[in-house]
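Got a predicted structure here, sequence first:
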Amino acid sequence: MKPIIIGTGITGSFLFSKIPLAYAFDKARGAGGRTSTKSLKEDWKFDFGATMFAGTTNVLRQQKPMEISIHSLFDRFGIDLQLKQIWDEEHFFPRNGISEISKAFLNFRIHRETGSTVEYGYHLTKIDVKSNGIFELTFTDQKSKLEIKTETKELYLTLPIPQILDIFSASPKNEILDRWTDFLLIRNQYRKTLISSLYYEKLDFPFQEFGLDPERRIPITTVLRANKPLEYLSFENYKYNERDNLTKVLLIQYSEDFSEEYFLNWMDAEKKPTPNSFPKIRTLLKEDLKLPYPSEIWNHRWKFAQNKNPILPKSEPMDLNSPKYLDWKLLAEETKLIPIGDFVFGPRIERQIIGTDMFLNEFLSGKYHW
(Lines give C-alpha, C1' and ligand atoms only; values in the text may rest on other atoms or scores of the structure.)
Protein backbone atom coordinates (compact mmCIF):
# COMPACT_ATOMS: atom_id res chain seq x y z
CA MET A 1 0.00 0.00 0.00
CA LYS A 2 1.68 3.20 -1.22
CA PRO A 3 2.20 6.37 0.83
CA ILE A 4 0.02 9.13 -0.58
CA ILE A 5 0.93 12.82 -0.85
CA ILE A 6 -1.69 15.49 -1.47
CA GLY A 7 -0.29 18.53 -3.29
CA THR A 8 2.72 19.00 -5.57
CA GLY A 9 4.01 22.38 -4.48
CA ILE A 10 7.44 22.73 -2.86
CA THR A 11 6.73 20.51 0.14
CA GLY A 12 4.68 17.91 -1.71
CA SER A 13 7.16 17.53 -4.55
CA PHE A 14 10.07 17.17 -2.13
CA LEU A 15 8.17 14.53 -0.15
CA PHE A 16 7.57 12.68 -3.40
CA SER A 17 11.27 12.77 -4.27
CA LYS A 18 12.27 11.32 -0.92
CA ILE A 19 9.63 8.66 -0.25
CA PRO A 20 9.96 5.50 -2.37
CA LEU A 21 6.91 4.23 -4.26
CA ALA A 22 4.77 7.23 -3.34
CA TYR A 23 1.57 8.33 -5.03
CA ALA A 24 0.98 12.11 -5.38
CA PHE A 25 -2.31 13.82 -6.20
CA ASP A 26 -2.99 17.46 -7.03
CA LYS A 27 -6.24 19.14 -8.02
CA ALA A 28 -4.31 21.58 -10.24
CA ARG A 29 -3.15 20.88 -13.80
CA GLY A 30 0.55 20.97 -12.93
CA ALA A 31 3.15 21.22 -10.20
CA GLY A 32 4.28 24.29 -8.30
CA GLY A 33 1.42 25.43 -6.09
CA ARG A 34 2.36 28.79 -4.59
CA THR A 35 5.73 28.58 -6.34
CA SER A 36 4.47 28.87 -9.90
CA THR A 37 5.79 30.32 -13.15
CA LYS A 38 3.61 31.71 -15.94
CA SER A 39 4.56 32.30 -19.56
CA LEU A 40 1.97 34.27 -21.53
CA LYS A 41 4.18 34.88 -24.55
CA GLU A 42 7.83 34.72 -25.49
CA ASP A 43 8.86 37.87 -23.64
CA TRP A 44 6.19 37.82 -20.91
CA LYS A 45 7.30 35.27 -18.34
CA PHE A 46 7.19 35.65 -14.56
CA ASP A 47 7.00 33.92 -11.19
CA PHE A 48 3.81 34.81 -9.33
CA GLY A 49 4.33 33.31 -5.89
CA ALA A 50 7.83 33.15 -4.50
CA THR A 51 10.34 34.82 -6.83
CA MET A 52 13.63 33.63 -5.28
CA PHE A 53 15.09 31.60 -2.41
CA ALA A 54 18.06 31.79 -0.03
CA GLY A 55 20.96 29.37 -0.34
CA THR A 56 21.19 28.52 3.37
CA THR A 57 18.98 28.12 6.44
CA ASN A 58 19.90 28.35 10.11
CA VAL A 59 18.75 25.39 12.20
CA LEU A 60 18.88 24.60 15.92
CA ARG A 61 19.00 20.88 16.65
CA GLN A 62 19.63 19.61 20.18
CA GLN A 63 20.66 23.18 21.00
CA LYS A 64 23.41 23.01 18.38
CA PRO A 65 23.28 25.79 15.73
CA MET A 66 23.82 24.70 12.14
CA GLU A 67 23.82 26.46 8.78
CA ILE A 68 22.47 24.08 6.16
CA SER A 69 22.93 24.66 2.43
CA ILE A 70 20.11 23.91 0.05
CA HIS A 71 22.70 23.54 -2.72
CA SER A 72 24.13 20.44 -1.05
CA LEU A 73 20.63 18.97 -1.01
CA PHE A 74 20.17 19.68 -4.71
CA ASP A 75 23.55 18.01 -5.33
CA ARG A 76 22.50 14.98 -3.32
CA PHE A 77 19.54 14.50 -5.65
CA GLY A 78 21.60 15.23 -8.75
CA ILE A 79 19.41 18.22 -9.58
CA ASP A 80 20.83 21.01 -11.74
CA LEU A 81 18.45 23.96 -11.82
CA GLN A 82 20.87 26.30 -13.63
CA LEU A 83 20.62 28.77 -10.77
CA LYS A 84 21.30 32.47 -11.16
CA GLN A 85 22.00 34.95 -8.39
CA ILE A 86 19.64 37.81 -7.67
CA TRP A 87 19.54 40.63 -5.11
CA ASP A 88 22.69 39.50 -3.27
CA GLU A 89 25.24 36.66 -3.03
CA GLU A 90 22.84 34.44 -1.08
CA HIS A 91 19.64 34.52 -3.18
CA PHE A 92 18.89 32.53 -6.32
CA PHE A 93 16.28 31.61 -8.90
CA PRO A 94 16.21 28.80 -11.52
CA ARG A 95 16.89 30.02 -15.05
CA ASN A 96 13.64 28.45 -16.32
CA GLY A 97 11.35 29.59 -13.51
CA ILE A 98 10.72 29.00 -9.82
CA SER A 99 8.30 26.13 -10.60
CA GLU A 100 11.30 24.15 -11.92
CA ILE A 101 12.17 23.29 -8.30
CA SER A 102 8.96 21.29 -7.81
CA LYS A 103 9.24 19.71 -11.27
CA ALA A 104 12.84 18.65 -10.63
CA PHE A 105 11.98 16.86 -7.38
CA LEU A 106 9.03 15.09 -8.99
CA ASN A 107 11.10 14.01 -11.99
CA PHE A 108 13.88 12.71 -9.74
CA ARG A 109 11.59 10.04 -8.30
CA ILE A 110 9.65 9.33 -11.51
CA HIS A 111 12.84 8.68 -13.48
CA ARG A 112 14.33 6.62 -10.67
CA GLU A 113 11.54 4.07 -10.19
CA THR A 114 8.48 3.04 -12.15
CA GLY A 115 6.23 2.59 -9.09
CA SER A 116 5.98 6.29 -8.22
CA THR A 117 3.09 8.17 -9.81
CA VAL A 118 1.76 11.73 -9.98
CA GLU A 119 -1.88 12.41 -10.87
CA TYR A 120 -3.21 15.90 -11.64
CA GLY A 121 -6.82 17.02 -11.67
CA TYR A 122 -7.89 15.02 -8.61
CA HIS A 123 -9.49 16.90 -5.71
CA LEU A 124 -9.43 15.20 -2.30
CA THR A 125 -12.87 15.61 -0.70
CA LYS A 126 -13.04 13.09 2.16
CA ILE A 127 -10.88 10.92 4.44
CA ASP A 128 -12.45 7.88 6.10
CA VAL A 129 -10.19 6.49 8.84
CA LYS A 130 -10.85 2.78 9.21
CA SER A 131 -10.52 0.82 12.46
CA ASN A 132 -7.37 -0.92 11.16
CA GLY A 133 -5.62 2.45 10.67
CA ILE A 134 -6.12 2.58 6.90
CA PHE A 135 -7.11 5.90 5.35
CA GLU A 136 -9.74 5.57 2.62
CA LEU A 137 -9.53 8.65 0.42
CA THR A 138 -12.29 9.96 -1.83
CA PHE A 139 -11.31 12.15 -4.79
CA THR A 140 -13.31 13.96 -7.42
CA ASP A 141 -11.88 13.72 -10.93
CA GLN A 142 -12.01 17.34 -12.12
CA LYS A 143 -12.68 16.30 -15.74
CA SER A 144 -15.25 13.53 -15.41
CA LYS A 145 -16.63 14.68 -12.01
CA LEU A 146 -16.63 11.04 -10.97
CA GLU A 147 -15.66 9.92 -7.47
CA ILE A 148 -12.56 7.76 -7.11
CA LYS A 149 -11.43 5.97 -3.96
CA THR A 150 -8.03 4.69 -2.88
CA GLU A 151 -6.37 3.61 0.37
CA THR A 152 -3.12 4.21 2.23
CA LYS A 153 -1.53 3.71 5.64
CA GLU A 154 0.60 6.85 5.37
CA LEU A 155 -0.91 10.18 4.31
CA TYR A 156 0.82 13.54 3.80
CA LEU A 157 -1.32 16.67 3.41
CA THR A 158 0.57 19.69 2.04
CA LEU A 159 -2.52 21.86 1.59
CA PRO A 160 -3.24 25.12 3.43
CA ILE A 161 -4.91 24.49 6.78
CA PRO A 162 -8.38 25.82 5.75
CA GLN A 163 -8.52 23.29 2.92
CA ILE A 164 -7.43 20.50 5.26
CA LEU A 165 -10.12 21.44 7.79
CA ASP A 166 -12.77 21.51 5.04
CA ILE A 167 -11.81 17.94 4.11
CA PHE A 168 -11.92 16.86 7.77
CA SER A 169 -15.37 18.41 8.27
CA ALA A 170 -16.71 16.54 5.21
CA SER A 171 -15.27 13.22 6.48
CA PRO A 172 -16.73 10.66 8.88
CA LYS A 173 -16.00 11.64 12.47
CA ASN A 174 -12.83 10.05 13.83
CA GLU A 175 -10.50 10.56 16.79
CA ILE A 176 -7.43 11.08 14.56
CA LEU A 177 -9.14 13.81 12.55
CA ASP A 178 -10.45 15.41 15.76
CA ARG A 179 -6.95 15.50 17.27
CA TRP A 180 -5.53 17.14 14.17
CA THR A 181 -8.43 19.60 13.98
CA ASP A 182 -7.73 20.77 17.53
CA PHE A 183 -4.02 21.09 16.74
CA LEU A 184 -4.46 22.95 13.45
CA LEU A 185 -7.12 25.47 14.50
CA ILE A 186 -4.63 27.64 16.37
CA ARG A 187 -2.45 27.81 13.21
CA ASN A 188 -5.36 28.60 10.90
CA GLN A 189 -4.29 32.17 10.13
CA TYR A 190 -3.47 33.16 6.54
CA ARG A 191 -3.02 36.38 4.62
CA LYS A 192 -4.51 36.96 1.22
CA THR A 193 -2.29 38.35 -1.55
CA LEU A 194 -3.36 39.92 -4.83
CA ILE A 195 -1.01 39.81 -7.81
CA SER A 196 -0.63 41.81 -11.02
CA SER A 197 1.80 41.07 -13.82
CA LEU A 198 2.25 44.18 -15.97
CA TYR A 199 3.60 43.96 -19.51
CA TYR A 200 5.12 47.12 -21.00
CA GLU A 201 6.33 47.00 -24.60
CA LYS A 202 8.55 49.99 -23.81
CA LEU A 203 9.23 51.52 -20.42
CA ASP A 204 11.93 53.74 -18.97
CA PHE A 205 11.75 53.21 -15.20
CA PRO A 206 13.65 55.26 -12.55
CA PHE A 207 15.22 52.23 -10.87
CA GLN A 208 17.60 54.18 -8.60
CA GLU A 209 14.71 56.03 -6.94
CA PHE A 210 13.44 52.68 -5.66
CA GLY A 211 16.82 51.26 -4.65
CA LEU A 212 16.98 49.00 -7.72
CA ASP A 213 19.93 48.34 -10.01
CA PRO A 214 19.32 45.82 -12.81
CA GLU A 215 22.75 46.48 -14.34
CA ARG A 216 24.66 45.45 -11.21
CA ARG A 217 26.78 42.27 -11.33
CA ILE A 218 24.13 40.60 -9.17
CA PRO A 219 21.00 42.46 -10.27
CA ILE A 220 18.77 44.13 -7.70
CA THR A 221 15.40 43.97 -9.43
CA THR A 222 13.06 43.43 -6.46
CA VAL A 223 12.06 45.65 -3.58
CA LEU A 224 9.80 45.14 -0.55
CA ARG A 225 7.95 48.32 0.41
CA ALA A 226 6.35 47.85 3.83
CA ASN A 227 3.07 49.69 4.47
CA LYS A 228 2.55 50.48 0.79
CA PRO A 229 -0.42 49.08 -1.19
CA LEU A 230 2.07 48.14 -3.94
CA GLU A 231 4.04 46.17 -1.40
CA TYR A 232 6.46 44.09 -3.48
CA LEU A 233 7.87 44.93 -6.90
CA SER A 234 9.85 42.51 -9.06
CA PHE A 235 11.03 43.25 -12.61
CA GLU A 236 10.78 39.72 -13.94
CA ASN A 237 12.03 40.58 -17.43
CA TYR A 238 15.58 40.79 -16.08
CA LYS A 239 15.27 37.17 -15.00
CA TYR A 240 13.68 35.65 -18.09
CA ASN A 241 13.98 38.02 -21.05
CA GLU A 242 17.62 38.90 -21.51
CA ARG A 243 17.36 39.97 -25.16
CA ASP A 244 15.20 43.10 -24.96
CA ASN A 245 15.86 45.80 -22.34
CA LEU A 246 12.96 47.94 -23.55
CA THR A 247 10.25 45.41 -22.72
CA LYS A 248 9.46 45.35 -19.00
CA VAL A 249 7.54 42.75 -17.02
CA LEU A 250 6.69 44.11 -13.58
CA LEU A 251 5.23 41.76 -10.98
CA ILE A 252 3.35 43.46 -8.15
CA GLN A 253 2.26 41.81 -4.92
CA TYR A 254 -0.20 43.97 -3.02
CA SER A 255 -0.33 44.55 0.74
CA GLU A 256 -2.47 42.45 3.06
CA ASP A 257 -4.95 45.29 3.73
CA PHE A 258 -5.32 46.10 0.03
CA SER A 259 -5.70 42.41 -0.82
CA GLU A 260 -8.45 41.96 1.76
CA GLU A 261 -10.36 44.96 0.42
CA TYR A 262 -10.25 44.07 -3.29
CA PHE A 263 -10.03 40.28 -3.15
CA LEU A 264 -13.56 39.36 -4.27
CA ASN A 265 -13.75 41.68 -7.31
CA TRP A 266 -10.13 41.52 -8.45
CA MET A 267 -10.30 39.79 -11.83
CA ASP A 268 -12.61 38.33 -14.43
CA ALA A 269 -12.57 34.84 -15.90
CA GLU A 270 -9.70 35.80 -18.23
CA LYS A 271 -7.59 37.18 -15.34
CA LYS A 272 -8.14 40.76 -16.44
CA PRO A 273 -9.01 43.56 -13.97
CA THR A 274 -12.69 44.06 -13.22
CA PRO A 275 -14.47 47.43 -13.48
CA ASN A 276 -14.00 47.61 -9.71
CA SER A 277 -10.22 46.96 -9.63
CA PHE A 278 -9.18 48.64 -12.90
CA PRO A 279 -9.43 52.29 -11.72
CA LYS A 280 -7.67 51.50 -8.44
CA ILE A 281 -4.73 49.81 -10.20
CA ARG A 282 -4.45 52.70 -12.67
CA THR A 283 -4.47 55.28 -9.85
CA LEU A 284 -1.86 53.45 -7.78
CA LEU A 285 0.47 53.05 -10.75
CA LYS A 286 0.17 56.74 -11.60
CA GLU A 287 0.44 58.19 -8.09
CA ASP A 288 2.88 55.78 -6.43
CA LEU A 289 5.16 54.61 -9.25
CA LYS A 290 4.55 57.40 -11.80
CA LEU A 291 3.78 54.71 -14.36
CA PRO A 292 1.27 54.63 -17.21
CA TYR A 293 -1.19 51.78 -17.46
CA PRO A 294 0.56 48.76 -19.05
CA SER A 295 0.14 47.40 -22.55
CA GLU A 296 -1.29 44.22 -21.01
CA ILE A 297 -2.09 43.04 -17.49
CA TRP A 298 -2.70 39.63 -15.87
CA ASN A 299 -4.20 39.41 -12.39
CA HIS A 300 -4.13 36.58 -9.87
CA ARG A 301 -5.13 36.08 -6.25
CA TRP A 302 -3.81 33.80 -3.53
CA LYS A 303 -6.46 33.14 -0.89
CA PHE A 304 -3.96 31.40 1.40
CA ALA A 305 -0.73 33.11 0.39
CA GLN A 306 1.16 32.77 3.67
CA ASN A 307 0.53 31.25 7.06
CA LYS A 308 0.76 34.04 9.64
CA ASN A 309 1.42 31.84 12.67
CA PRO A 310 3.85 29.03 11.70
CA ILE A 311 5.26 26.66 14.30
CA LEU A 312 8.79 27.75 13.35
CA PRO A 313 8.65 31.51 12.52
CA LYS A 314 10.72 32.66 9.56
CA SER A 315 12.38 35.40 11.63
CA GLU A 316 14.12 32.79 13.83
CA PRO A 317 16.38 29.77 13.22
CA MET A 318 14.38 26.56 12.80
CA ASP A 319 14.40 25.15 16.33
CA LEU A 320 13.72 21.44 15.92
CA ASN A 321 13.62 21.02 19.69
CA SER A 322 10.95 23.64 20.32
CA PRO A 323 7.95 22.22 22.24
CA LYS A 324 5.49 23.26 19.51
CA TYR A 325 7.49 21.49 16.81
CA LEU A 326 7.89 18.36 18.94
CA ASP A 327 4.12 18.30 19.60
CA TRP A 328 3.47 18.39 15.85
CA LYS A 329 6.08 15.73 15.17
CA LEU A 330 4.72 13.41 17.87
CA LEU A 331 1.17 13.67 16.55
CA ALA A 332 2.42 12.91 13.03
CA GLU A 333 4.33 9.85 14.25
CA GLU A 334 1.38 8.55 16.26
CA THR A 335 -1.30 8.99 13.59
CA LYS A 336 0.62 8.47 10.31
CA LEU A 337 -1.46 11.41 9.08
CA ILE A 338 0.98 14.25 8.41
CA PRO A 339 -0.21 17.76 7.60
CA ILE A 340 3.01 19.55 6.63
CA GLY A 341 4.07 22.73 4.85
CA ASP A 342 4.41 26.43 5.53
CA PHE A 343 2.38 26.29 8.74
CA VAL A 344 5.25 24.21 10.17
CA PHE A 345 8.42 25.70 8.64
CA GLY A 346 7.25 29.14 7.45
CA PRO A 347 6.77 30.46 3.89
CA ARG A 348 10.33 30.43 2.59
CA ILE A 349 11.23 27.81 0.00
CA GLU A 350 14.57 26.80 1.52
CA ARG A 351 13.04 26.36 5.00
CA GLN A 352 10.26 24.13 3.72
CA ILE A 353 12.66 21.88 1.81
CA ILE A 354 15.35 21.64 4.50
CA GLY A 355 12.83 21.32 7.34
CA THR A 356 10.93 18.57 5.53
CA ASP A 357 14.19 16.78 4.78
CA MET A 358 15.25 16.78 8.45
CA PHE A 359 11.82 15.61 9.59
CA LEU A 360 11.76 12.75 7.08
CA ASN A 361 15.28 11.63 8.00
CA GLU A 362 13.97 10.84 11.49
CA PHE A 363 10.40 9.85 10.67
CA LEU A 364 11.39 7.32 8.01
CA SER A 365 14.76 6.22 9.41
CA GLY A 366 13.49 2.84 10.54
CA LYS A 367 11.37 2.26 7.46
CA TYR A 368 13.57 3.02 4.48
CA HIS A 369 17.32 2.87 3.88
CA TRP A 370 18.75 5.87 2.04
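Everything's here; your move. Residues are numbered from 1 along each chain as shown.

dump the residue contacts of Leu73.
Ile353, Ile354, Asp357 (Cβ atoms under 8 Å, 6 or more residues apart in numbering). Any C-beta I mention is one placed from the backbone N, CA and C, and that applies to glycine too.

A helix includes the second one, no?
This points to Ile354. Yes: applying DSSP: H, G, I helix; E, B strand; the rest coil, one finds Ile354 inside a helix.

contacting residues around it?
Contacts of Ile354 by Cβ under 8 Å, 6+ apart are Thr57, Val59, Ile68, Ile70, Leu73, Met318, Phe345.

dump the residue contacts of Thr140.
With Cβ under 8 Å, 6+ apart, Thr140 has these contacts: Tyr122, His123, Thr125, Leu146, Glu147, Ile148.

Distance-wise, check the first one relative to Gly9.
Spelled out, it's Tyr122. 15 Å (Cβ to Cβ, to the nearest Å).

more crowded one of the two?
A direct count of neighbours by other Cβ atoms under 10 Å for Tyr122 and Gly9 places Gly9 higher, at 26 against 20.

now the contacts of Ile354 as a markdown table including distance to Ile4, pLDDT and secondary structure?
Formatted as a markdown table, the contacts of Ile354 follow (distance: Cβ to Cβ, whole Å; pLDDT from 0 to 100; DSSP: H, G, I helix; E, B strand; the rest coil):
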| residue | distance to Ile4 | pLDDT | secondary structure |
| --- | --- | --- | --- |
| Thr57 | 27 | 97 | strand |
| Val59 | 28 | 97 | strand |
| Ile68 | 28 | 97 | strand |
| Ile70 | 26 | 97 | helix |
| Leu73 | 23 | 94 | helix |
| Met318 | 26 | 96 | strand |
| Phe345 | 21 | 97 | helix |
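
ok, of those, which one's closest to Ile98?
Nearest to Ile98 among these: Ile70, at 13.4 Å, using Cβ to Cβ.

The closest one is in contact with Met52, isn't it?
No: between Ile70 and Met52 there is no contact under Cβ atoms under 8 Å: 12.0 Å.

Show me what the lowest-mean-pLDDT helix or strand in the chain packs onto, helices and strands only.
When the helices and strands of the chain are scored by mean pLDDT, DSSP states H and E, helix 100-112 comes last with a mean of 92. On a contact count with 3 or more Cβ pairs under 8 Å, 6 or more residues apart in numbering; DSSP states H and E, helix 100-112 meets helix 10-18, strand 117-120.

what residues does that helix touch?
Residues contacting helix 100-112 (Cβ under 8 Å, 6+ apart): 8-10, 12-14, 16-20, 22, 24, 31-33, 35, 37, 53, 77-79, 81, 94, 116-118, 349.

ok so, going back, redo the contacts of Leu73 as TSV? Include distance to Lys239.
Shown next, in TSV, are these (distance: Cβ to Cβ, whole Å):
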residue	distance to Lys239
Ile353	20
Ile354	23
Asp357	26
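
Distance to Leu331 and pLDDT for those - can I get that in TSV?
Shown next, in TSV, are the contacts of Leu73 (distance: Cβ to Cβ, whole Å; pLDDT from 0 to 100):
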residue	distance to Leu331	pLDDT
Ile353	22	97
Ile354	21	97
Asp357	20	97
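
No further queries at this time; thank you.
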